[in-house]
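K.L.:
A structural model of the following input is requested.
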Amino acid sequence: MAARQEEKPVRRNLVILALALSACSGNEPAGPAEPLVPAALPVKSIRVDGPGTLEAGAYAYVSAVVLDMSNRIVLSPQVGWTSSDPEVLTIIEAGQIAYVHARKEGLVTITAKSGGVVGTGSLQVFPAALECYDPWYYGCW
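P.N.:
Here you go, the predicted structure:
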């Protein structure tokens, strides 16, 4: 009689397992569903951030903050950069962040373009400061 009482829980578990397996229709994908990727929205605006002034001979970074039509930041956008006067400011490396070199005195407009939208920023390059090692000898004060 003890053997028959032990068979009931085993039989019940087998029936539950069979019902669970039969509930699967077999039409569902075997792996996890692919995540939904939102469609890229068009670029709405670009803000150019960086220093407003540099000394001639200095290097700096400028960045483009690209916003989509929902005012969300676009991650890893393709950005093209130009300087209004490459003799005053040269763009060395470009991407979302550009590395620039101030070459000589002047005022330049830095332009960032992404998705047909343009953003600009101004940068004033001042002449390099004089270095005086011995003010009595060179006459520097």
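
K.L.:
Without its sequence neighbours, what residue ends up closest to Ala98?
P.N.:
Of all residues not flanking Ala98 in the chain, Trp81 sits nearest, at 4.7 Å (C-beta to C-beta, 6 or more residues apart in numbering). From N, CA and C alone the C-beta is placed, and that goes for glycine too.

K.L.:
Tell me the pLDDT of Trp136.
P.N.:
In this model, Trp136 is scored at 57, pLDDT.

K.L.:
and Gln96, what is it in contact with?
P.N.:
By C-beta atoms under 8 Å, 6 or more residues apart in numbering, the contact set of Gln96 is Ser63, Ala64, Val66, Ser76, Pro77, Val79.

K.L.:
Filter those residues down to the buried ones.
P.N.:
Ser63, Ala64, Val66, Pro77, Val79 (16 or more other C-beta atoms under 10 Å).

K.L.:
For the protein, which segments count as helices?
P.N.:
Remark: helices assigned in the chain by DSSP state H are 2-23, 135-138.

K.L.:
which residues does Val65 form a beta bridge with?
P.N.:
Beta bridges link Val65 to Arg47, judged by DSSP bridges.

K.L.:
can you list the weak-confidence ranges in the chain?
P.N.:
Across the chain, the ranges flagged by pLDDT under 70 are 1-39, 130-141.

K.L.:
which stretches of it form strands?
P.N.:
Counting by DSSP state E, the chain has strands at residues 43-49, 53-55, 59-68, 80-83, 89-93, 97-102, 106-114, 117-126.
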